[in-house]
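In: my questions concern the predicted model and sequence given below.
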Amino acid sequence: MQLSAVFLALGEEALGHELRGVSLGRLRTYQLFDRVKTRLHLAKLNVESLRKAAPRLWSRLEGGDEDLAADLSQAILVSNLEMIREVLDFLGVPHKEGFFEKDLDVKALLTEGWQQRAWDRFHPAHPRPVLLFYLNHLAWELAKAEQPFQPAGAA
């Protein structure tokens, strides 16, 4: 599965929600601001330009732009580090403030049904699009998932 497929599986409305949650301060803190601004083809990166760019970004994701998907993912993830720490702690994945070693082999920790268990535990406390995005991103990155996750019993 490609990373752009994670965005596409969640839908255009979810992308808009995820973009509204991007923290420009966190982008600056993690030195992603200029990179994201360039990748999104924005002359100015602010809340309004992100909102207005959503339809163009969606079209690029539909076209399979994996570089865009990677940079959008980073922007969304660093903006939601508190949730990420909670999920990783729940799953027993070793990390440092939400970041883990890229070569970390966690397949033994991600046992059958881990996404559904994490969804059941955290969906009351976190926005659906962001939590689903993170669970799918984690599956894509660590478990090499072939299909996007959709929680059982979720609308």
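Out: Yep, it's here.
In: per-domain residue ranges of the chain.
Out: Listed by automatic domain parsing, the domain ranges of the chain are 3-78, 81-142.
In: nearest to Pro151, of these?
Out: Nearest of the domains of the chain to Pro151, taken as Cβ to Cβ: domain 81-142 at 4.2 Å. Heads up, the C-betas are built off the backbone N, CA and C, glycines and all.
In: can you give me the end-to-end span of the closest one?
Out: End-to-end distance for domain 81-142: 17 Å, by Cα to Cα, to the nearest Å.
In: kindly report the same for stretch 134-148.
Out: Separation of the first and last residues of stretch 134-148 by Cα to Cα is 11 Å.
In: ditto for stretch 35-44
Out: 12 Å.
In: for that stretch, buried residues please.
Out: Neighbour-count burial for stretch 35-44 flags Val36, Lys37, Arg39, Leu40, Leu42 (criterion: 16 or more other Cβ atoms under 10 Å).
In: which residue ranges of the chain form helices?
Out: Secondary structure of the chain (DSSP state H): helices located at 3-10, 12-20, 24-29, 33-39, 47-62, 66-78, 81-91, 114-122, 128-142.
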